[in-house]
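Trainee: Mind looking at a prediction? Sequence and model below.
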Amino acid sequence: PPPAFLINGIRMAVDEKNAGGGVLGKRIELVVFDDVADPKEAVSVAHKICADSTIMGLVGHMNSGTAKASSPVYAQCGMPMVMPVPTNPSITQQGFTNLFRVPPTDLDQGTDVAKYAITKMGKKRFAIIHDSTAYGQPLAEVVRKTVAEAGAQVVTFDGINEGDKDFRALLTRIRAANPDVLFFGGMYNEAGLLAKQAKEIGLEATFLAPDGSFAQQFI
């Protein structure tokens, strides 16, 4: 299911709006759907939402992959779609007029994190891992491109799969490349395991991760 902080934040906004009289005198009702972070299920959910004439707008989806897969369905039925999390730039490059994105895209995020590591932290050797999703992989590609353009070095570039648990073999190989930064493009579950296991095997590179890892679960 979506992280509790996301649902709770939306619920707070709905409660505040209703306390102030709602919208045009009407109370807002929050209805929660779960796409289980699967693009196919997201399309199914999108059809259900579009078929319900009482639903006036959507806050979602949580992932770039699910948002991109479902967005054509919402565009076809004219459903306003406010995206609080998805950062893949290709979602809003489809030409749809019903999409509204809250965060900056990965073109900004990936560029900024790489430039910060190089200019502010003095890092020169980057190991990059991504989670092979529509979120993590393009983000990692932006980081790789920015690092190369800045004259720093990408010593390894690898993909893992969401749900994997043991990264010690990969991290051991990365340790041999002697990076001073380990960047992971992906979500908090895998980020937490990577950070923990990197410490366990003695990989001392600075661990950097994007907004998808910014959650209490990672800590």
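Mentor: Structure's in. What do you need? Residues are numbered from 1 along each chain as shown.
Trainee: element containing the closest residue in space to residue 179 that isn't next to it in sequence?
Mentor: Spatial nearest neighbour of residue 179, chain neighbours left out: residue 127 (3.7 Å); criterion: Cβ to Cβ, 6 or more residues apart in numbering. No exception for glycine: its C-beta is placed from N, CA and C like everyone else's. Per DSSP states H and E, residue 127 falls inside strand 125-130.
Trainee: and the helix or strand just after that strand, what other elements does it pack with?
Mentor: Remark: after strand 125-130, the chain's next helix or strand is helix 136-149, criterion DSSP H and E. In this structure, helix 136-149 packs against helix 106-119, strand 125-130, strand 153-159, strand 181-185, with contacts taken as 3 or more Cβ pairs under 8 Å, 6 or more residues apart in numbering; DSSP states H and E.
Trainee: Retrieve the pLDDT associated with the closest residue to residue 56 other than its chain neighbours.
Mentor: Nearest non-adjacent residue to residue 56, counting by Cβ to Cβ, 6+ apart: residue 80, 7.6 Å away. With respect to pLDDT, residue 80 scores 98.
Trainee: next one: residue 1
Mentor: Residue 1 is given a pLDDT of 46.
Trainee: Which of the three states applies to the nearest residue to residue 168 once chain neighbours are set aside?
Mentor: Excluding the flanking residues, the one nearest residue 168 by Cβ to Cβ, 6+ apart is residue 197, at 5.4 Å. With DSSP: H, G, I helix; E, B strand; the rest coil as the basis, residue 197 sits in helix.
Trainee: count of neighbours near residue 197?
Mentor: When counting by other Cβ atoms under 10 Å, one arrives at 18 neighbours for residue 197.
Trainee: Low-confidence ranges, the chain, go.
Mentor: 1-3 (pLDDT under 70).
Trainee: switch to 80 and redo it
Mentor: 1-5 (pLDDT under 80).
Trainee: Out of the helices and strands packed on helix 136-149, which gets nearest to residue 218?
Mentor: strand 181-185 (10.4 Å; Cβ to Cβ).
Trainee: how much space is there between the residue of the chain most remote from its centre and residue 17?
Mentor: Distance from the centre of the chain peaks at residue 25, with 35.3 Å (Cα atoms, centre = their mean). Relative to residue 17, residue 25 is positioned 12 Å away (Cβ to Cβ, to the nearest Å).
Trainee: got it, and residue 138?
Mentor: 34 Å.
Trainee: same deal with residue 125?
Mentor: In terms of Cβ to Cβ, residue 125 sits 49 Å off from residue 17.
Trainee: which one of those two has more residues nearby?
Mentor: residue 125 (16 against 13).
Trainee: could you point out which element follows the top helix by length along the chain?
Mentor: Criterion DSSP state H: the longest helix present in the chain is helix 4-19. Sequence order places helix 39-51 as the next helix or strand after helix 4-19, per DSSP H and E.
Trainee: in that following helix, what's buried?
Mentor: In terms of neighbour count (16 or more other Cβ atoms under 10 Å), helix 39-51 has its buried residues at 39, 41-43, 45-46, 49-50.
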